[in-house]
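Trainee: after the sequence you'll find the predicted model.
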Amino acid sequence: MMIMKKMSYVVLCAGLMLGATGAQAQLRVEITGIGSNQIPVAIANFANESAAPQSISDIVKADLARSGVFKIIDGAEMSETAPVSYDQWKSRGADALAAGSVQAMADGRLDVRYKLFDTIKSTQLSSMNNAAAPQFNRLLAHKIADDIYEKLTGTKGAFSTRIAYVTQSGREYRLEVADADGEGIQVALRSNEPIISPSWSPDGTKVAYVSFEKKKPIVYVQNLVTRQRTIVSNEKGSNSAPSWSPDGTRLAVALSRDGHTQVYTVNADGSGLRRVSNSSGIDTEPQFSADGQSIYFTSDRSGGPQIYRMSVSGGDAKRVTFGGSYNISPRIASDGKTLAYISRRDGNFQLYALDLASGQELRLSDTANDESPSFSPNGKYIMYATESGRRKSLAVVSVDGRVKQRLTTQAGNIKEPTWGPFMK
């Protein structure tokens, strides 16, 4: 069935309009693994795509190749309106074909059209027709790549998303925001004091983080459109580890205001502070469950750090992790089925994933100093910080462990990644 999609671009890239200094050194993405059964897909050069600032088809091909799921077959220039020779593309080994065109409009916008064809069944699978200003050229391409990924795998892609992370160069710390492919970097905050624990709001317009600019850890929420900052928690002692509720109205935080660190919730404007956990140990790193009804957190109440789950209203906590004696930094997938965390085993801190239904663990990294995992919005990939040669970088791994990427920058150490929601 053909699916026609249109998008509004009035507030399309609100979160990119940071008004900060220009883009920093781009992230370099290296692919070190591929999927086990790649789908061969042909991407034709879009007709008249020289009218766009960057090649739409090149961006689409780069997105799909980076996922590790597809084998890319180049195609000659082809418009989405041209007749499709299905037998020709099948003979080239393509199971699917994407073709499109770019047209400059009188008002300066670009009209980008695309169609996806199933060469095996000789049918059209999908189509898009979107118009946007030239500066949204890359986002249009990411949206097309998302559609191809979804139609051919059954799961939405995560190319039209953003990431946030902290870079450190000398004494300067920067909170940066970039597209999921490392392009389009913008600086949200600069400081001579540490910035840690960034966390995206569900609508992608805000980032919560901890800043030490006042010589103590304070939780802020920053609007990426207006650059307005709100202090969400500045209690006595440590204020740390903010994470958003799925509806974006609250944050879970870890506070030591009562003498030892416990889990609290607070409204996004800083009001309504409420204690959730109540133990004699340290409870920290809270994360809302996918349905918002529970909170996962790290606690040493059993003697060593393990991950627990409790109701968002408090009460008894249930231990979740049992493999190994040291498990921290819980992150939950958007479908609520998989838990990612960092586990120390044989002296190495490595990324693990736990199937919550079966209790089966899977080690996903082969490095020795991992931290700060973050799921992609489609739940198929996990980004985390790691260290190689005494230099901190970011890595991405698929939840089955087969596809691996490394993200590095010339600007210095890069850490504390968080994967944002889809751009609308």
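Mentor: Nice, I can see it. Numbering: from 1, shown residues only.
Trainee: residue 236 and residue 218 touch, don't they?
Mentor: No: taking C-beta atoms under 8 Å as the definition, residue 236 is not a contact partner of residue 218, at 11.4 Å. (C-beta placed from N, C-alpha, C; glycine too.)
Trainee: pick out whichever of the two has more residues nearby.
Mentor: residue 218 (19 against 11; other C-beta atoms under 10 Å).
Trainee: residues contacting the more buried one?
Mentor: Neighbouring residues of residue 218 by C-beta atoms under 8 Å, 6 or more residues apart in numbering: 210, 211, 212, 231, 233, 234, 239.
Trainee: can you report how many residues neighbour the nearest residue to it once chain neighbours are set aside?
Mentor: Spatial nearest neighbour of residue 218, chain neighbours left out: residue 234 (4.7 Å); criterion: C-beta to C-beta, 6 or more residues apart in numbering. Residues near residue 234, counting by other C-beta under 10 Å, number 13.
Trainee: would you mind measuring from residue 234 to residue 245?
Mentor: Residue 234 is 20 Å from residue 245, where distance means C-beta to C-beta, to the nearest Å.
Trainee: contacting residues around the closest residue to residue 222 other than its chain neighbours?
Mentor: Excluding the flanking residues, the one nearest residue 222 by C-beta to C-beta, 6+ apart is residue 229, at 4.8 Å. Contacts for residue 229 (C-beta under 8 Å, 6+ apart) come out as 220, 221, 222, 223.
Trainee: which residues touch the second one?
Mentor: Counting by C-beta under 8 Å, 6+ apart, residue 221 touches 201, 206, 207, 208, 229, 230, 232, 242, 251, 268.
Trainee: mind listing the residues bridging to the second one?
Mentor: Which is residue 206. residue 223 (DSSP bridges).
Trainee: okay, now it: neighbour count?
Mentor: Neighbour tally, residue 206, other C-beta under 10 Å: 23.
Trainee: partner strands of whatever helix or strand residue 295 lives in, parallel or antiparallel?
Mentor: Element membership for residue 295 (DSSP states H and E) is strand 294-299. Partner strands for strand 294-299, per DSSP bridges, with pairing direction: strand 283-288 (antiparallel), strand 306-311 (antiparallel).
Trainee: run through who's touching the first one.
Mentor: Contacting residues not belonging to strand 283-288 are listed as 240-241, 243-246, 252-254, 261-263, 276-277, 294-299, 301, 308, 312, 328-332 [C-beta under 8 Å, 6+ apart].
Trainee: residue 149: which element?
Mentor: helix 137-153.
Trainee: how about the CA coordinates for that helix, as PDB?
Mentor: Output of helix 137-153 as PDB, limited to C-alpha atoms (Å, rounded to 0.1, in the frame of the first residue of the first chain):
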ATOM      1  CA  ASN A 137      17.900  19.700   3.600                       C
ATOM      2  CA  ARG A 138      19.700  17.100   5.800                       C
ATOM      3  CA  LEU A 139      16.600  16.600   8.000                       C
ATOM      4  CA  LEU A 140      14.500  15.800   4.900                       C
ATOM      5  CA  ALA A 141      17.100  13.200   3.900                       C
ATOM      6  CA  HIS A 142      17.100  11.700   7.400                       C
ATOM      7  CA  LYS A 143      13.300  11.500   7.300                       C
ATOM      8  CA  ILE A 144      13.500   9.600   4.000                       C
ATOM      9  CA  ALA A 145      16.100   7.200   5.500                       C
ATOM     10  CA  ASP A 146      13.800   6.700   8.500                       C
ATOM     11  CA  ASP A 147      11.000   5.700   6.200                       C
ATOM     12  CA  ILE A 148      13.100   3.300   4.200                       C
ATOM     13  CA  TYR A 149      14.300   1.700   7.400                       C
ATOM     14  CA  GLU A 150      10.800   1.300   8.700                       C
ATOM     15  CA  LYS A 151       9.300  -0.100   5.500                       C
ATOM     16  CA  LEU A 152      12.000  -2.700   5.100                       C
ATOM     17  CA  THR A 153      12.500  -3.700   8.700                       C
END
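Trainee: buried set for it?
Mentor: 137-153 (16 or more other C-beta atoms under 10 Å).
Trainee: where do the helices sit along this protein?
Mentor: Listed in chain order, the helices of the chain (DSSP state H) span 56-67, 86-91, 137-153.
Trainee: kindly reformat those helices as CSV containing distance to residue 192 and mean pLDDT.
Mentor: Listed next are those as CSV, based on distance: least, C-beta to C-beta, whole Å; pLDDT from 0 to 100:
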stretch, distance to residue 192, mean pLDDT
helix 56-67, 34, 95
helix 86-91, 56, 93
helix 137-153, 32, 96
